[in-house]
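Undergrad: The following block contains a protein sequence and its predicted model.
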Amino acid sequence: MTVRVATWNVNSIVPRLPRVLDWLDRTAPDVLCLQEIKNTTEAFPAEEITARGYEVAAYGLGRWNGVAILSRVGLDDVVRGLPGEPGFDGQAEARAIGATCGGIRLWSVYVPNGREPQNPHYAYKLEWFEKLSDLVGEELRNARPFAVLGDFNVAPTDDDVWDITLFAESTHVTEPERAALKKLRDAGLSDVFPRPLKYDHPFTYWDYRAGNFPNNKGMRIDLVYGNEVFAKAVTDSYVDREARKGKGPSDHAPIVVDLEL
C-alpha cells in the first residue's frame, strides 16, 4: 500500500484555505497534518476539504495555535491534546491531535515557541516536550507505523539554521531543546530527513522579513519523527518550497513523505 503523508504549518487556515485546497489538488496527500490553524474546533472550514474526499479532525481553542489532521484513508481513534499536558499562564492550548489513518498512528504537533530562554514560555516548552515524550513512549508499545509530525520549533543541528552565529542567545537551538528532541530519538523515533528541492539543505521556515525566503535565510524546524516501521517504509521525503512562494503564503513550507507499507 502506497501512502502519502504531509505536514504543514499553515499560519492561519482561513486566509490560507485557497492555497491549501490548491495544494491538496496538486499534491494529493492521503493525510495532511496541519499546525497553527488559529481557529476553533467548531469553526474549522471543513466543507471544501471534505468535498475533496477528506475527513477532518481539528483541535482549536481560539485565535492562536490549533492543529488538525485531514485524511482520505480513514480517521479513527482521534485524541485531542497530550495526556496531562501543561497549560501556559493558566490557560489550555491546542497543540496536539492524534489519529489513526490507514493503519498509521499519527500525531500533528505544534510545540510551544519558547520565545526566549529567560521567558516563562521557555520552561513551558520544555515541560510540554516532557509530556510529548511520555506520549511517544506509550505509542511505541504498539508495533504499527507511528509518527509525530509538525512544527517542533527546534532546529536539531547547527546546519538547520542559515547562520548559527545569529542564534547565540535565542531559542530553537539551545541544548535543553535539542536534548528534548534527542530524547524522542533515543526512545525509538528517527528523523525522516527530507530532500531539498533547491539549495543544499532542506529548510522549512523562512521569516516574512524582506529577502529571507529568496536568500534562503531559513530554518529546519518542521520535522517528521517516525518509529522503525514508519521510517523503513519511506520511499521519498521532500520539502515543497513551491508552496512558500507567491502571494499570501504561510512562512512555512510543507513536508511530503511517501511510504510503501
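TA: On my side now, so go ahead. Residues are numbered from 1 along each chain as shown.
Undergrad: What's the per-residue pLDDT of the nearest residue to Leu34 once chain neighbours are set aside here?
TA: In space, Leu34 comes closest to Ala68 once its chain neighbours are excluded; the distance is 4.3 Å by Cβ to Cβ, 6 or more residues apart in numbering. C-beta: built from backbone N, CA, C; applies to glycine. What the model reports as pLDDT for Ala68 is 98.
Undergrad: what's the helix or strand for Ala68?
TA: strand 67-71 (DSSP states H and E).
Undergrad: what number of residues lie near Glu169?
TA: 10 (other Cβ atoms under 10 Å).
Undergrad: need the contact list for it.
TA: Residues near Glu169 by Cβ atoms under 8 Å, 6 or more residues apart in numbering: Glu116, Pro117.
Undergrad: Quick one, grab the pLDDT at it.
TA: On the pLDDT scale, Glu169 gets 80.
Undergrad: Tally up the residues packed near Met1, please.
TA: Neighbour count of Met1, defined by other Cβ under 10 Å: 11.
Undergrad: got a pLDDT number for it?
TA: Looking at Met1, the pLDDT reads 93.
Undergrad: Under a three-state scheme, what state does the residue of the chain most remote from its centre occupy?
TA: Using Cα atoms, centre = their mean, the residue of the chain lying farthest from its centre is Thr165. It sits 25.5 Å away. Assigned by DSSP: H, G, I helix; E, B strand; the rest coil, the conformation of Thr165 is helix.
Undergrad: Kindly report the same for Asn153.
TA: coil.
Undergrad: How about it: what's its closest non-neighbour residue?
TA: Per Cβ to Cβ, 6+ apart, closest to Asn153 is Val111, 4.7 Å.
Undergrad: which parts of whichever strand or helix holds Lys131 are buried?
TA: According to DSSP H and E, Lys131 maps onto helix 120-139. Buried positions in helix 120-139, judged by neighbour count with 16 or more other Cβ atoms under 10 Å: 121-126, 128-129, 131-133, 135-136, 139.
Undergrad: what number of residues lie near Ala28?
TA: 12.
Undergrad: Strands of the stretch 151-261 of the chain, residue ranges please.
TA: Assigned by DSSP state E, counting those that start in this stretch, the strands in the stretch 151-261 of the chain fall at 190-191, 205-206, 218-219, 222-226, 234-239, 255-260.
Undergrad: Now distance to Leu34, mean pLDDT and mean neighbour count too, for the ones you listed, in a markdown table please.
TA: Putting the strands of the stretch 151-261 of the chain into a markdown table (distance: least, Cβ to Cβ, whole Å; pLDDT from 0 to 100; neighbours: other Cβ atoms under 10 Å) gives the following:
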| stretch | distance to Leu34 | mean pLDDT | mean neighbour count |
| --- | --- | --- | --- |
| strand 190-191 | 21 | 98 | 16 |
| strand 205-206 | 15 | 98 | 23 |
| strand 218-219 | 19 | 98 | 24 |
| strand 222-226 | 11 | 98 | 26 |
| strand 234-239 | 16 | 98 | 17 |
| strand 255-260 | 12 | 98 | 21 |
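Undergrad: Which secondary structure state does Glu116 sit in?
TA: Assignment for Glu116 (three-state DSSP): coil.
Undergrad: For it, which residues are in contact?
TA: Glu116 neighbours (Cβ under 8 Å, 6+ apart): Tyr122, Glu169, Ser170, Thr171.
Undergrad: With Val256 instead?
TA: Arg4, Val5, Ala6, Thr27, Pro29, Pro194, Asp236, Ser237, Tyr238, Val239, Asp240.
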